[in-house]
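*Asks:* I'll drop the sequence and a predicted model, then ask my questions.
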Amino acid sequence: MRHGLFQIAQAVRRDGRGSIAAKGQTGEGYEGHIFWDAETYALPFLIHTQPAMARAALAWRVAGLDAARQNARDLGHEAGAVLPWRTIGGRECSSYFLAGSAQYHINADVAHALRLYVETTGDLSILREGGAELLAETARIWLSAGWHDPARGDAFVINRVTGPDEYTALIDNNLYTNLMAAEHMRYAALLEERHGIDPGLSPSERQAMLRAADTIFLPFDETRQVFAQDDAFFGKQPWPIDDTPANKFPLLLHYHPLHIYRHCVCKQADAVLAVATLPHRFAPDMRKRMLDVYEALTVHDSTLSASSFAAAAALAGETDRAARYWTDTVLTDLLNLHANTAHGLHMAALGGGWNALAFGFAGLSTLDGSLAFSPRAHPVAGDYELGVQFHGRAVTLKVANGKASYAVDGEPLALTHWGETVTVGATPVTLDLPA
């Protein structure tokens with residue numbers, strides 16, 4: 001995992017004129033383009049350990065706001081901004097809109113990373129320097145892309161988008177997109193109330209965003225008792241995964257996209273990514289059911305997948321299963337598990353290993369501006385230590401022998417351990433892990 005974190009630190013631009021390309025500086029795969037992977041998989045490590053580097057990457061997104069506004073006009077939106085799914089200079093570079101431009105979740109992904117940065121560091125200057133405007137402009141798109149459907153009790157629906165799973169395209173009410181959009185709109189609408197910074201939203205826009213967030217439609221499958229990846233996902237013919245020859249994976253290299261789209265199969269974590277990113281929206285038993293259902297339908301043809309399954313499994317208390325996925329993630333390039341490392345290292349997988357350890361096994365959470373952990377033992381890594389920066393203070397968590405030990409370099413800090421608030425300073429505070 002240290003190898004991967006070193007590569008991310010090497011890859012990120014630090015001058016505010018770029019971010020982290022999908023292959024970093026290690027190969028020609030994806031021609032140096034930057035995707036949503038940067039904010040979702042690579043930046044969290046930097047936000048929590050090297051915030052200045054993360055800030056520079058986020059400032060680059062802010063600087064691309066005018067290009068994102070033009071992208072929105074090209075897509076038919078009269079207001080707001082749509083961030084590019086694939087870019088170098090800020091304009092959309094994807095030529096395949098089904099799996100590119102239709103991935104509107106990019107707006108919420110960047111907003112989530114910006115929120116994570118602000119709440120973890122306490123640095124409001126990035127909001128004053130264009131970040132608040134970015135939050136507002138990208139949030140406006142949800143009011144344009146979605147609507148309150150009378151047939152669903154006036155729930156807010158978002159139709160004809162593509163979620164993270166690239167084996168499903170142009171669907172209605174992608175679970176991940178809808179959940180992330182709701183978080184995005186609520187954060188933008190309440191930004192002035194929370195941080196005293198006006199993002200430029202009118203009172204009517206704020207009211208509309210809060211109503212949309214509160215009434216967002218989340219598809220649910222009664223038979224399986226899980227949230228559905230989208231409205232039609234479970235209504236498609238299951239892909240015969242077990243009967244597909246090993247030399248026919250990844251599917252996208254052997255089958256036409258239309259053939260894949262007609263089947264119930266996941267290239268990568270999608271609904272499970274929602275569990276990993278927003279665990280507070282899922283009860284523990286729901287996390288477990290989601291894992292069981294979607295694991296059987298996912299072929300992991302993307303290196304983005306395993307880390308999300310690892311984090312979600314750890315958050316569900318399935319630590320053995322989480323450890324298996326975590327091992328796949330951190331060894332992706334060292335063992336060339338996807339047979340394409342020659343094209344460059346996979347920055348998302350490298351960052352995903354840290355995410356699975358921090359957000360999954362350690363249960364790290366800072367989204368509400370406070371520091372919380374719910375650590376679990378790691379059956380493969382054994383004893384582990386996690387160091388993070390929070391509001392200018394260095395916090396260390398050590399997990400060993402059924403105990404969690406916390407220490408803070410700097411002024412004492414209140415944090416929570418499995419819901420219990422404790423004040424920690426330089427002298428370590430040791431607490432029990434759950435049985």
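*Replies:* That came through fine.
*Asks:* Now the longest helix out of those in the chain: average pLDDT?
*Replies:* Criterion DSSP state H: the longest helix present in the chain is helix 105-121. Helix 105-121 shows a mean pLDDT of 98.
*Asks:* Likewise for stretch 202-213?
*Replies:* 98.
*Asks:* And that stretch, what's buried?
*Replies:* E205, R206, A208, M209, L210, R211, A212, A213 (16 or more other Cβ atoms under 10 Å). In short, each C-beta sits where N, CA and C put it, glycine included.
*Asks:* hang on, the earlier thing: quick check: next helix or strand after the longest helix of the chain?
*Replies:* Going down the chain from helix 105-121, the next helix or strand is helix 125-126, by DSSP states H and E.
*Asks:* residues in contact with that following helix?
*Replies:* Residues from elsewhere that reach helix 125-126 (Cβ atoms under 8 Å, 6 or more residues apart in numbering): R55, L58, A59, V62, L114, Y117, V118.
*Asks:* which of the residues you listed lies closest to A362?
*Replies:* Distance from A362 was checked for each of these by Cβ to Cβ. The minimum falls on Y117, at 18.8 Å.
*Asks:* in the stretch 101-250 of the chain, which spans are helices?
*Replies:* 105-121, 125-126, 132-145, 175-189, 191-195, 203-214 (DSSP state H, counting those that start in this stretch).
*Asks:* hmm, back to that, save the contacts of helix 125-126 as JSON lines, and put in distance to D37 too.
*Replies:* Formatted as JSON lines, the contacts of helix 125-126 follow (distance: Cβ to Cβ, whole Å):
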{"residue": "R55", "distance to D37": "19"}
{"residue": "L58", "distance to D37": "15"}
{"residue": "A59", "distance to D37": "18"}
{"residue": "V62", "distance to D37": "19"}
{"residue": "L114", "distance to D37": "16"}
{"residue": "Y117", "distance to D37": "17"}
{"residue": "V118", "distance to D37": "21"}
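*Asks:* Output those residues in a markdown table, with neighbour count and distance to A42 appended to each entry.
*Replies:* Below are the contacts of helix 125-126 laid out as a markdown table (neighbours: other Cβ atoms under 10 Å; distance: Cβ to Cβ, whole Å):
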| residue | neighbour count | distance to A42 |
| --- | --- | --- |
| R55 | 22 | 14 |
| L58 | 28 | 12 |
| A59 | 18 | 16 |
| V62 | 20 | 18 |
| L114 | 27 | 15 |
| Y117 | 26 | 13 |
| V118 | 27 | 18 |
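*Asks:* Can you tell me which of those residues is closest to V330?
*Replies:* Y117 (24.3 Å).
*Asks:* That closest one contacts A57, doesn't it?
*Replies:* No: counting by Cβ atoms under 8 Å, Y117 does not reach A57; the two are 9.4 Å apart.
*Asks:* Find residues that contact each of those two.
*Replies:* Going by Cβ under 8 Å, 6+ apart, residues that sit against Y117 and also against A57 are L43.
*Asks:* farthest-separated two in the buried residues of stretch 202-213?
*Replies:* E205 and A213 (12.4 Å).
*Asks:* and for those two, which residues touch both?
*Replies:* Counting by Cβ under 8 Å, 6+ apart, the residues touching both E205 and A213 are A189.
*Asks:* for V395, helix, strand, or coil?
*Replies:* Three-state assignment for V395 (DSSP: H, G, I helix; E, B strand; the rest coil): strand.
*Asks:* Look up the residues forming beta bridges with it.
*Replies:* Beta-bridge partners for V395, by DSSP bridges, are V388, V408.
*Asks:* Any idea how many residues pack against it?
*Replies:* By the criterion of other Cβ atoms under 10 Å, V395 has 22 neighbours.
*Asks:* Contact partners for it?
*Replies:* When contacts are counted by Cβ under 8 Å, 6+ apart, V395 touches L371, G387, V388, Q389, Y406, A407, V408, D409, L413, L415, V424.
*Asks:* so for the strand or helix carrying V62, what's the average pLDDT?
*Replies:* Taking DSSP H and E as the criterion, V62 maps to helix 51-63. Averaged across helix 51-63, pLDDT comes to 98.
*Asks:* the inter-axis angle of it versus helix 105-121?
*Replies:* Orientation check (axes from the mean of the first three to the mean of the last three Cα atoms, to 10 degrees): helix 51-63 against helix 105-121 gives 140 degrees.
*Asks:* V422 should be in a strand, yeah?
*Replies:* Yes: V422: assigned to a strand according to three-state DSSP.
*Asks:* Quick check: it touching P412?
*Replies:* No: when contacts are counted by Cβ under 8 Å, V422 is not listed as touching P412 (10.0 Å).
*Asks:* ok so, going back, counting by contacts, list what the helix or strand just after the helix holding V62 packs against.
*Replies:* Counting by DSSP H and E, the next helix or strand C-terminal to helix 51-63 is helix 65-74. For helix 65-74, the contact count by 3 or more Cβ pairs under 8 Å, 6 or more residues apart in numbering; DSSP states H and E identifies helix 132-145 as packing neighbours.
*Asks:* Could you list which residues are in contact with the spatially closest residue to M180 that is not a sequence neighbour?
*Replies:* The shortest distance from M180 to any non-neighbouring residue, by Cβ to Cβ, 6 or more residues apart in numbering, is to A108 (3.5 Å). Taking Cβ under 8 Å, 6+ apart, we find A108 in contact with T138, T177, M180, A181, E183, H184.
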